[in-house]
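J.: Sequence below, structure please.
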Amino acid sequence: MSLNSRQNKGWEVKGYVTGDGSRRDWATWDHPAAKKNGGLGFNLGKIDDEDVDGSEDDLASDDYDSDDSQKSHDSRKKNPWLAEFFGTLDDLTADQINEPARQWHCPACRNGPGSICWYRGMKAFLTHVKNKGTRRPKLHRDFSELLDEELCRRGVVMVPSGEAYGRWKGLDKEFEDQEIIWPPMVIVMNTQLEQDENGKWTGIGTQELLEYFDSYEAMRARNSFGPEGHTGMSVLIFDTSAVGYFNAERLSNHFNRQGLDRNAWNHHPNLFTPDCKRQLYGFMATKQDLDILNQHSPGKLKLKFELASYQEKVVDQLKKMSEDSQELLRYKKKIAKQERSTKALEDAFWLVSQKLRKLEEENKIVRQRSQQYHEQNKEEMDSQEKFFKDQLKVIQDARDANKRQSEKSCAVADARQRKKVENTMKPQTKETEDERERMKILHEKEMAEMKNKHEKEETQVEEFTAKSEILNS
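T.: Numbering: from 1, shown residues only. Down below sits the predicted model:
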């Protein structure tokens, strides 16, 4: 590891080289004005607290005045805080200022929190200067205005104030679309074969041409004929769909990869291969190609085509095909889900059917057994019923016999009792009549006595009444 240092306009850069070859640097401020003020600067290990706190007061002292209207641009550059920076900037060219690898340090952040920050490139440095708002805002604002004016005078093109970095220019929308031949066609050149006895050229047949490129699924082919016969120009016509255009473009790209495209045909055609076969060339058809193809074709025999929008015919169809494909996949997933659900329902139905059949068989067995038990119980009940009826009949007969016997016995007893009562009542009747006669006589006697007594009492009353009348008179 080795130590070294270098001076750069008041900055002393010190560092060392590590064992792996990398360099570690740090910087100290060695400006004379800083030494005059007691060593104020960027010695990172020796920043005095009083200097940091007093730096804000320096903004209003040391001949610094924030009233820009009172000073010129050059006089404002001589501010002790900014003079060293602009002195260094004066020694650089515009290209050097714009170097993206050049690092810059903010003089307005001296002895502050941003004093150790370096900014790579002028754009990053300008971003810091314009956006600094918490530490020395007036100084940063004045420094920003001075730096913009200085860069403008020096002819340094920078991003305007307030404009964001990292913007790029994309593709123009007007070049997004292009005109294509529709239906898609591929021109195949060098399809002549030989001259016949009449001096007319013959060439490849349409079916043979389709078979040569059958993997590209061309729909039909057509040859161009002129006054001298086959012109050596043929065309493969593809399906009017995005897939057809894709197949045509795929064939054209195949010719292009083998170096048999339009450029090769126009500039350095090689008509024959080393084994004396005619080499075919191919490329996507243009309007000029089809006009040449149709120049010897009268009226209705002209090959019909149109110029269409690539966006409309291909891109939109591909998007629709993609959407349809996604929709198809969704339907397939939905159908697969329904099939799985149907299969699960079928399995569940089969299991339920099996259980139902088993349950029906069990119910059938239970019904048969119940029927057997019912018949057995019915027989037992019938026998018991017959037994109980017989018993009831026996009991009823015995009770009727007992009743008849009782009635007979009662009748005999009643007859005997009646006879006995009759025999008992005969003497009692005679005595009763005698007693009645006796009582009758006794009653009559008592009645006579009572009558006599009453008559006596009446006589006495009359006598008493008479005496009273006599006395009163």
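J.: would Thr231 count as being in a strand?
T.: Yes: per DSSP: H, G, I helix; E, B strand; the rest coil, Thr231 lies within a strand segment.
J.: and it, how many neighbours does it have?
T.: Counted with other C-beta atoms under 10 Å, residues neighbouring Thr231 total 20. (Glycine included, C-beta is placed from N, CA and C.)
J.: From Leu351, how far out is Lys358?
T.: As judged by C-beta to C-beta, to the nearest Å, Lys358 and Leu351 stand 11 Å apart.
J.: His105 too?
T.: Applying C-beta to C-beta to His105 and Leu351 gives a distance of 83 Å.
J.: Likewise for Lys467?
T.: Taken as C-beta to C-beta, the span from Lys467 to Leu351 is 140 Å.
J.: One more: Lys300?
T.: 71 Å.
J.: between the two, who's got more neighbours?
T.: More neighbours surround Leu351 than the other of Lys300 and Leu351, with 10 against 6 (other C-beta under 10 Å).
J.: Could you say which helix or strand holds that one?
T.: helix 316-472 (DSSP states H and E).
J.: other SSEs contacting that helix?
T.: Contact here means 3 or more C-beta pairs under 8 Å, 6 or more residues apart in numbering; DSSP states H and E; on that basis helix 316-472 packs against helix 242-257.
J.: Quick check: next helix or strand after the helix it packs on?
T.: Next element after helix 242-257 (DSSP H and E): helix 262-267.
J.: Not counting the helix or strand following that following helix itself, show me its contacts.
T.: Next helix or strand after helix 262-267 toward the C-terminus (DSSP H and E): strand 281-284. Outside of strand 281-284, the residues within contact range by C-beta atoms under 8 Å, 6 or more residues apart in numbering are 180-181, 184-190, 248-249, 251-252, 254-256, 260-262, 264-265, 269.
J.: For strand 281-284, which strands pair with it and how are they oriented?
T.: Strand 281-284 pairs in its sheet with strand 185-189 (antiparallel), by DSSP bridges.
J.: What distance do you get for Gly170 to Val314?
T.: For Gly170 relative to Val314 (C-beta to C-beta), the value is 22 Å.
J.: Apologies, that question was intended for Cys106.
T.: For Cys106, the distance to Val314 equals 56 Å [C-beta to C-beta].
J.: Tell me how far His140 lies from Arg438.
T.: From His140 to Arg438 the distance is 169 Å (C-beta to C-beta).
J.: Next: Leu329.
T.: 143 Å.
J.: Repeat that for Arg120.
T.: As judged by C-beta to C-beta, Arg120 and Arg438 stand 173 Å apart.
J.: Between the two, tell me which one has more neighbours.
T.: Each of Arg120 and Arg438 has its neighbours counted (other C-beta under 10 Å); Arg120 has more, 13 against 10.
J.: For the more buried one, which residues are in contact?
T.: Arg120 touches 100-103, counting by C-beta under 8 Å, 6+ apart.
J.: Counting only helices, which of those make the cut?
T.: Assigned to helices by DSSP state H, none of the contacts of Arg120 qualify.
J.: Now intersect these with the strands, please.
T.: If you go by DSSP state E, the contacts of Arg120 have Gln103 in strands.
J.: what stretches of the stretch 101-250 of the chain score poorly on pLDDT?
T.: Scanning the stretch 101-250 of the chain for pLDDT under 70 picks out 114-115, 132-135, 157-169, 172-175.
J.: Dump the contacts of Arg120 into TSV; add distance to Leu280 as well.
T.: Formatted as TSV, the contacts of Arg120 follow (distance: C-beta to C-beta, whole Å):
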residue	distance to Leu280
Pro100	53
Ala101	55
Arg102	59
Gln103	62
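J.: Just the terminal-to-terminal distance for stretch 95-107.
T.: 22 Å (C-alpha to C-alpha, to the nearest Å).
J.: going forward can the numbers begin at 50, since that is how I track them
T.: Noted, 50 is the first residue going forward, which turns the last one into stretch 144-156.
J.: What lies in contact with it?
T.: 60, 76, 130-131, 133-134, 138, 163, 166-171, 173-174, 177-178, 181, 189, 192, 200, 203, 205-206.
J.: Mind checking which of those residues are in helices?
T.: Checked against DSSP H, these include these in helices: 133-134, 138, 171, 173-174, 177-178, 189, 192, 200, 203.
J.: Dump these into TSV; add distance to Lys382 and neighbour count as well.
T.: Converted to TSV, the ones in helices among the contacts of stretch 144-156 look like this (distance: C-beta to C-beta, whole Å; neighbours: other C-beta atoms under 10 Å):
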residue	distance to Lys382	neighbour count
Glu133	72	19
Phe134	67	23
Leu138	67	19
Met171	57	19
Ala173	52	15
Phe174	57	20
His177	55	17
Val178	59	23
His189	61	21
Phe192	65	24
Leu200	62	18
Arg203	66	13
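J.: out of these, who's nearest Glu395?
T.: The shortest approach to Glu395 among the ones in helices among the contacts of stretch 144-156 belongs to Ala173, at 70.6 Å (C-beta to C-beta).
J.: which residues sit in contact with the closest one?
T.: Residues in contact with Ala173 (C-beta under 8 Å, 6+ apart) are Trp153.
J.: Nearest residue to the middle of the chain?
T.: The centroid of the chain falls nearest to Arg379 when counting by C-alpha atoms, centre = their mean (15.2 Å).
J.: returning to what we had before: any quick ChimeraX command for the buried ones out of the contacts of strand 330-333?
T.: Buried subset of these, written as a ChimeraX selection, criterion 16 or more other C-beta atoms under 10 Å:
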select :229,230,233,234,235,236,237,238,239,297,298,300,301,303,304,305,309,310,311,313,314
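J.: thinking again about what came up before, okay, the angle between the helix holding Leu400 and helix 291-306?
T.: In terms of direction (axes from the mean of the first three to the mean of the last three C-alpha atoms, to 10 degrees), helix 365-521 departs from helix 291-306 by 150 degrees.
J.: Let me see the mean pLDDT of stretch 315-327.
T.: What stretch 315-327 shows for mean pLDDT is 89.
J.: end to end, how far does it reach?
T.: 16 Å.
J.: Contacts for that stretch next, please.
T.: Contacts of stretch 315-327 (C-beta under 8 Å, 6+ apart): 238-242, 313, 328, 330.
J.: Repeat the analysis, applying 10 Å as the threshold.
T.: 238-243, 252-253, 281, 308-309, 313-314, 328, 330, 332 (C-beta atoms under 10 Å, 6 or more residues apart in numbering).
J.: ok, the residues you listed vs Glu480, which is closest?
T.: Distances from Glu480 to these, taken by C-beta to C-beta, are shortest for Phe332, at 173.0 Å.
J.: quick one: stretch 270-279 to chain centroid distance?
T.: 61 Å (C-alpha atoms, centre = their mean, to the nearest Å).
J.: higher neighbour count, Gly219 and Val363?
T.: Val363 (22 against 5).
J.: For that one, give me its contacts.
T.: So Val363 contacts 227, 229, 231, 233, 290-295, 298, 357 (C-beta under 10 Å, 6+ apart).
J.: Farthest pair within those residues?
T.: Across the contacts of Val363, no pair lies farther apart than Gln227 and Val292, at 18.9 Å, counting by C-beta to C-beta.
J.: Between those two, point out the one with more neighbours.
T.: A count of neighbours by other C-beta under 10 Å puts Val292 above the other of Gln227 and Val292, at 16 against 9.
J.: who are the neighbours in contact with that one?
T.: 233, 266, 363, 366-367, 370.
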